[in-house]
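Visitor: Predicted model, plus sequence, below.
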Amino acid sequence: MPPLHQIIEQHWQRPNPWLKLVLWPLSRLFQTGFLLRRRLYRSGILRREKLPVPVVVVGNIHVGGVGKTPVTAALVNGLRQRGIEVGIISRGYGRESREIHVLNERSTAAEAGDEPLMLYRQTGAPMAVGSKRIEAGRALLAAYPGLQLIVADDGMQHYALQRDLEIVVFPAADIGRQDLDLMPNGGLREPWSRLGDADAVVVSGLPDTQAAVSEHDFPASVPLFVSRLQTGKIYRLNQPQQTLDNHRLVGKKITAVAAIAKPERFFNSLLSLGIPLAQTLALPDHAPLNPQDWPPSDIVLITEKDAVKLSDRHGENVWVLPVCAIIEPDLAEFVAQRLNLTMPV
């Protein structure tokens, strides 16, 4: 019998009538708590703190696995290309330390968390992590006083941090579903109506950015963007200058390993590239990687999120598939215009 969390997650995708009878009342309790907490912040009974620069939250109303981090990276890279000084803050989920940490070239996944370290390496933007994002933001500004803007990776439900813009990433697979519900009966952290309070919605997981998304599926007042993932050239672990040629795959035993929220997406991406996988190994999201536990293979393929947890000593046979988000219309331009941000003189 599969673990309870797997049964619940399967129920979120294919609702089980019997589970619904048990979980629906619990979701109404969760909803009451959400509404009360939000009202307390809106009324000022619970304090919201503001940083001295604008804050953009990129988050989601789902429980993980919606493609939020690639959207954050694309937004930050787009802003930096415009000459805007932008930093990133995050909770740093899964890291071992509880201290505020401003990332540097020697930072590890244990100190910063796998996703923050990946973002830091992908964007080159200043970044800090901390369970209290307001403190992470202050530490980041103390280290980089010239920042014009801070992007919070996740934190949609972290109401203690006042934000200037909210961008919700919504998975295309859930468009039009009538059975979405709050936890534990469904996979939502906040109700569908929460989208109406956002400043923008990015629909992720489309096959291409030209795929049709009906504006009728979302609040009419909220600007709509679409995002797809684009794969790059597979490179050797910690050596991006060495790329993997297809001729190296001939006759090789290839294993794919992933410790992400939706590992099947990674495996399917590899198959779509024509890579013959002998086997796959799916681990829990953010789980540590131990190459000694992997099956014998000629080539092991991993994600960039997992790559930051490994060092060069883990062998010559580990290769990384990079991905980036392509967003249309231009999300960075939208943010820059809404916040009236310009290149510093």
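Guide: Thanks, I have the structure now. Numbers count the residues shown, from 1 in each chain.
Visitor: Can you classify the residue lying farthest from the centre of the chain as helix, strand or coil?
Guide: What lies farthest from the middle of the chain is Gly251; by C-alpha atoms, centre = their mean that is 34.9 Å. Secondary structure, DSSP: H, G, I helix; E, B strand; the rest coil: Gly251 is coil.
Visitor: Low-confidence bits of the stretch 151-300 of the chain, can you list those?
Guide: Scanning the stretch 151-300 of the chain for pLDDT under 70 picks out 208-212, 215-216.
Visitor: Which parts of it are strands?
Guide: For the stretch 151-300 of the chain, the strands defined by DSSP state E, counting those that start in this stretch occupy 165-171, 200-204, 224-231, 235-236, 239-243, 254-258, 279-282, 299-303.
Visitor: can you list these in a markdown table and add mean neighbour count and distance to Leu180?
Guide: C-beta here means a position set from N, CA and C on the backbone, and glycine is covered the same way. Compiled in a markdown table, those are given as follows (neighbours: other C-beta atoms under 10 Å; distance: least, C-beta to C-beta, whole Å):
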| stretch | mean neighbour count | distance to Leu180 |
| --- | --- | --- |
| strand 165-171 | 23 | 11 |
| strand 200-204 | 23 | 15 |
| strand 224-231 | 18 | 18 |
| strand 235-236 | 17 | 38 |
| strand 239-243 | 12 | 39 |
| strand 254-258 | 23 | 26 |
| strand 279-282 | 16 | 24 |
| strand 299-303 | 23 | 27 |
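Visitor: rewinding a little: OK, contacts around the residue farthest from the centre of the chain?
Guide: Listed by C-beta atoms under 8 Å, 6 or more residues apart in numbering, the contact set of Gly251 is empty.
Visitor: repeat that for 10 Å
Guide: Pro276, Asp298 (C-beta atoms under 10 Å, 6 or more residues apart in numbering).
Visitor: State the distance from it to Ile150.
Guide: Distance from Gly251 to Ile150, counting by C-beta to C-beta, to the nearest Å: 50 Å.
Visitor: Please apply the same query to Val213.
Guide: Distance from Val213 to Ile150, by C-beta to C-beta: 29 Å.
Visitor: Please report the distance of Tyr235 from Thr243.
Guide: For Tyr235, the distance to Thr243 - C-beta to C-beta - is 5 Å.
Visitor: ah, wrong one, I meant Thr32
Guide: Taken as C-beta to C-beta, the span from Thr32 to Thr243 is 53 Å.
Visitor: Over to Val57?
Guide: 35 Å.
Visitor: Can you show me the helices along this structure?
Guide: 4-13, 17-43, 68-81, 109-112, 114-123, 133-143, 263-272, 304-307, 331-338 (DSSP state H).
Visitor: closest to Gln230 out of those?
Guide: Of all the helices of the chain, helix 68-81 sits nearest to Gln230, with 9.3 Å by C-beta to C-beta.
Visitor: any idea how far that closest one is from the chain center?
Guide: Distance of helix 68-81 from the chain centroid (C-alpha atoms, centre = their mean, to the nearest Å) equals 11 Å.
Visitor: Return the set of buried residues in that helix.
Guide: Lys68, Thr69, Pro70, Val71, Thr72, Ala73, Ala74, Leu75, Val76, Asn77, Gly78, Leu79 (16 or more other C-beta atoms under 10 Å).
Visitor: mind saving the C-alpha coords of that helix as PDB?
Guide: Extracted in PDB, the C-alpha atoms of helix 68-81 (Å, rounded to 0.1, in the frame of the first residue of the first chain):
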ATOM      1  CA  LYS A  68       7.400  28.800 -10.100                       C
ATOM      2  CA  THR A  69      11.200  28.800  -9.700                       C
ATOM      3  CA  PRO A  70      11.900  29.000 -13.500                       C
ATOM      4  CA  VAL A  71       9.500  31.900 -13.800                       C
ATOM      5  CA  THR A  72      11.300  33.700 -10.900                       C
ATOM      6  CA  ALA A  73      14.700  33.100 -12.700                       C
ATOM      7  CA  ALA A  74      13.300  34.400 -16.000                       C
ATOM      8  CA  LEU A  75      11.800  37.500 -14.400                       C
ATOM      9  CA  VAL A  76      15.000  38.300 -12.500                       C
ATOM     10  CA  ASN A  77      17.200  37.700 -15.600                       C
ATOM     11  CA  GLY A  78      14.900  39.900 -17.600                       C
ATOM     12  CA  LEU A  79      15.100  42.800 -15.100                       C
ATOM     13  CA  ARG A  80      18.900  42.500 -14.900                       C
ATOM     14  CA  GLN A  81      19.100  42.700 -18.700                       C
END
